[in-house]
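Trainee: This is the structure alone, sequence omitted:
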């Protein structure tokens, strides 16, 4: 039995699943001082490459826990920097379209201190595991969650050894289900998915083949292939000696009624045939290293929160891989959940705060799932075009421009749309124009602190942070009186000596006057904003902080 505490709790939080989202959850919780126990089926992690496209917001979150540079180094090992995403009829054939001419085209450091990266998922998982275990998290390998029972005081998790079948019972205060598309946790809670359902029985073919004559030295990171045999995409290792091929459709969907069933024949001969057809090299020497069957779908769980159990990642939402939104969305789930869960576990916020996880993340995830579907249809399966296809929204808007709506986000007026919203609606906009509206990501600005250039985003991650405009010192003076016992609240007057700023860019970016202020949550999202000075700053700020904590 794993070690417990004096109350018989084996860990304050148990996480089902030690993949990308599970290990991100453990690392983010560790950043807040909560040591989770991760239950993971595999020993040593999966060696298969899987997700590779990590968005700016995800890099910002990795930066917040101090591993951004490690991930950059891993990226340099895995990929040619700044690779493009294109569509071709084969690797040796002709280009059909530029989907993304360069990974960071249109991205500069005025919007974020981070840039998008291509990096393999196993590499990121190993970095997250190292960071979380250094901070006290534990990983129970070779084990799976077999059953879940919850009551008013906690959750009992039945864990089974995958080799021996032996079971043990763990006791925890909260359980996070990050155990993937076939989540045992979600099934135990009887939470159904809703959405478009399955539209392709797809394949991922892991292979070894020398494709350097076709690809070496070309800045192409993902190559979509559309030809008479199949529709899908390649991703290759940096040396072009191995990679994987995703096959979503076979033949012409307009005339082949079985086109969406790519996994019908998984013989080695058929897999080699796919790789050769995609490469455009009929006699290519190919070794098949592995095959994964999976169903391409666009679905979202009907709720993310049930008592003391919460869902994240693929356990909560499923989407096609186009655009790389799946893993990134799951990591962002984990970040929103971690600070809330930590405050509740520490007794600093009521359990009601956890209800805002569903209110905030599920509409964002629903919107993102539909955007992934739009990309799947336009890039791979145009025959699926329907009247309800969500219009294409720019990647930057999806990555950085979403706006949370929940009772913990304080609206500025009756007309403000950042308050509670309906499950089917997600606020979003150009991140250059959201300008610190409550519920939005606090904008990035370059500041000078202790003689070094720092981003405003580097101030966030553990504490609530009050940012006051240059003439808003009264807000900072009020912070001490407004503080909630044991809840960390840092206060800065931007433009003063401690946080030097050469111009009025703070008031412009945060849409406040020179006497205004904003309250930023530990996850870097704006909870409340005052455009100008208040006659009772301590009272106003205290009310905002209590509301953000759902107290």
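Mentor: Arrived safely. Please read these numbers as outputs of a predicted model, since none were measured by experiment.

Trainee: what's the strand or helix carrying residue 63 in contact with?
Mentor: Using DSSP states H and E, residue 63 sits within helix 56-64. The contact list for helix 56-64 (C-beta atoms under 8 Å, 6 or more residues apart in numbering) reads 24, 28, 31, 54, 68, 71, 107, 111-117, 124, 327-328, 331-332, 335, 396, 399-400, 441, 457-458, 460-461, 524. (C-beta placed from N, C-alpha, C; glycine too.)

Trainee: do the same with stretch 146-160
Mentor: The contact list for stretch 146-160 (C-beta under 8 Å, 6+ apart) reads 9, 14, 16, 39, 140, 143-145, 166-175, 184-185, 188-189, 306-309.

Trainee: Show only the entries of those found in helices.
Mentor: 184-185, 188-189 (DSSP state H).

Trainee: before we move on, back to that, right, and the helix or strand after the helix holding residue 63?
Mentor: With DSSP H and E, the next secondary element past helix 56-64 is helix 68-78.

Trainee: Which neighbouring elements make contact with that following helix?
Mentor: Counting contacts by 3 or more C-beta pairs under 8 Å, 6 or more residues apart in numbering; DSSP states H and E, helix 68-78 is packed against helix 56-64, strand 117-118, helix 121-134.

Trainee: Look at residue 337 and tell me its secondary structure.
Mentor: What DSSP: H, G, I helix; E, B strand; the rest coil gives for residue 337 is helix.

Trainee: which stretches of the stretch 451-551 of the chain form helices?
Mentor: Applying DSSP state H, counting those that start in this stretch to the stretch 451-551 of the chain gives helices spanning 473-482, 505-510, 537-548.

Trainee: what's the answer for the stretch 251-400 of the chain, then?
Mentor: 268-279, 325-345, 352-379, 395-400.

Trainee: by how many degrees do the longest one and helix 325-345 diverge?
Mentor: Relative orientation of helix 352-379 and helix 325-345, computed by axes from the mean of the first three to the mean of the last three C-alpha atoms, to 10 degrees: 180 degrees.

Trainee: For helix 352-379, buried residues please.
Mentor: By neighbour count on 16 or more other C-beta atoms under 10 Å, the buried set for helix 352-379 is 353-379.

Trainee: same deal with the shortest one?
Mentor: Buried residues in helix 395-400, defined by neighbour count with 16+ other C-beta under 10 Å: 395-400.

Trainee: after that helix comes which helix or strand?
Mentor: The helix or strand immediately downstream of helix 395-400 is strand 402-403, counting by DSSP H and E.

Trainee: which strands and helices sit next to the following helix or strand past that next one?
Mentor: As assigned by DSSP H and E, the chain's next helix or strand after strand 402-403 is strand 427-428. Here strand 427-428 touches strand 402-403, going by 3+ C-beta pairs under 8 Å, 6+ apart.

Trainee: Pairing partners for the strand it packs on, with directions?
Mentor: Its sheet considered, strand 402-403 pairs with strand 427-428 (antiparallel) by DSSP bridges.

Trainee: what's the offset of the strand it pairs with from the middle of its chain?
Mentor: Offset of strand 427-428 from its chain centre (C-alpha atoms, centre = their mean, to the nearest Å): 17 Å.

Trainee: And for stretch 165-176?
Mentor: 25 Å.

Trainee: how deep is residue 64 tucked in, by neighbour count?
Mentor: Residue 64 has 21 neighbours, counted by other C-beta atoms under 10 Å.

Trainee: swap in residue 496?
Mentor: Residue 496 has 15 neighbouring residues, counting by other C-beta under 10 Å.

Trainee: Next up, the contacts around it.
Mentor: 470, 473.

Trainee: what sits against the nearest residue to residue 532 once chain neighbours are set aside?
Mentor: Sequence neighbours aside, residue 513 is the residue nearest to residue 532 in space, at 4.6 Å (criterion: C-beta to C-beta, 6 or more residues apart in numbering). Contact analysis of residue 513 by C-beta under 8 Å, 6+ apart lists 469, 507, 531-532.

Trainee: What subset of these is buried?
Mentor: By 16+ other C-beta under 10 Å, the contacts of residue 513 give 469, 507 as buried.

Trainee: Let me see the backbone angles for residue 27.
Mentor: Note on residue 27: backbone dihedrals following degrees, to the nearest 10 are phi -70, psi -40.

Trainee: quick one: the residue nearest to residue 94 when sequence neighbours are not counted from residue 280, how far?
Mentor: Among residues not flanking residue 94 along the chain, residue 88 sits closest, at 6.6 Å (C-beta to C-beta, 6+ apart). Computed with C-beta to C-beta, to the nearest Å, the distance linking residue 88 and residue 280 is 8 Å.

Trainee: Which one's more surrounded, the two?
Mentor: Counting neighbours by other C-beta under 10 Å for residue 88 and for residue 280 shows that residue 88 has the greater number, 22 against 18.

Trainee: hey, what's the more buried one bridged with?
Mentor: Under the criterion DSSP bridges, residue 88 forms beta bridges with residue 95, residue 225.

Trainee: Show the contacting residues for it.
Mentor: 94-96, 223-226.

Trainee: Same list (those) but as JSON lines, adding pLDDT, distance to residue 261 and neighbour count.
Mentor: Below are the contacts of residue 88 laid out as JSON lines (pLDDT from 0 to 100; distance: C-beta to C-beta, whole Å; neighbours: other C-beta atoms under 10 Å):
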{"residue": "94", "pLDDT": "94", "distance to residue 261": "28", "neighbour count": "8"}
{"residue": "95", "pLDDT": "94", "distance to residue 261": "28", "neighbour count": "12"}
{"residue": "96", "pLDDT": "94", "distance to residue 261": "24", "neighbour count": "14"}
{"residue": "223", "pLDDT": "95", "distance to residue 261": "23", "neighbour count": "26"}
{"residue": "224", "pLDDT": "94", "distance to residue 261": "20", "neighbour count": "20"}
{"residue": "225", "pLDDT": "96", "distance to residue 261": "18", "neighbour count": "26"}
{"residue": "226", "pLDDT": "93", "distance to residue 261": "18", "neighbour count": "20"}
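
Trainee: Out of those residues, flag the one nearest to residue 429.
Mentor: residue 224 (28.6 Å; C-beta to C-beta).

Trainee: Would you enumerate the residues in contact with the closest one?
Mentor: Contacts of residue 224 (C-beta under 8 Å, 6+ apart): 85-88, 99, 231-233, 379-380.

Trainee: Those residues in strands, which ones?
Mentor: Residues of the contacts of residue 224 located in strands (DSSP state E): 85-88, 99, 231-233.

Trainee: next one: phi and psi at residue 404?
Mentor: Backbone torsions of residue 404, given as degrees, to the nearest 10, read phi -70, psi 150.

Trainee: That one is in contact with residue 360, isn't it?
Mentor: Yes. Using C-beta atoms under 8 Å, residue 404 makes contact with residue 360 at a distance of 4.1 Å.

Trainee: Buried residues, stretch 299-315. List them.
Mentor: For stretch 299-315, a neighbour-count test (16+ other C-beta under 10 Å) marks 299-301, 303-306, 308-315 as buried.

Trainee: Most widely separated two among those residues?
Mentor: Farthest pair in those, by C-beta to C-beta: 299 and 308, 24.1 Å.

Trainee: so which of the helices and strands packed on helix 68-78 comes closest to residue 194?
Mentor: helix 56-64 (25.2 Å).
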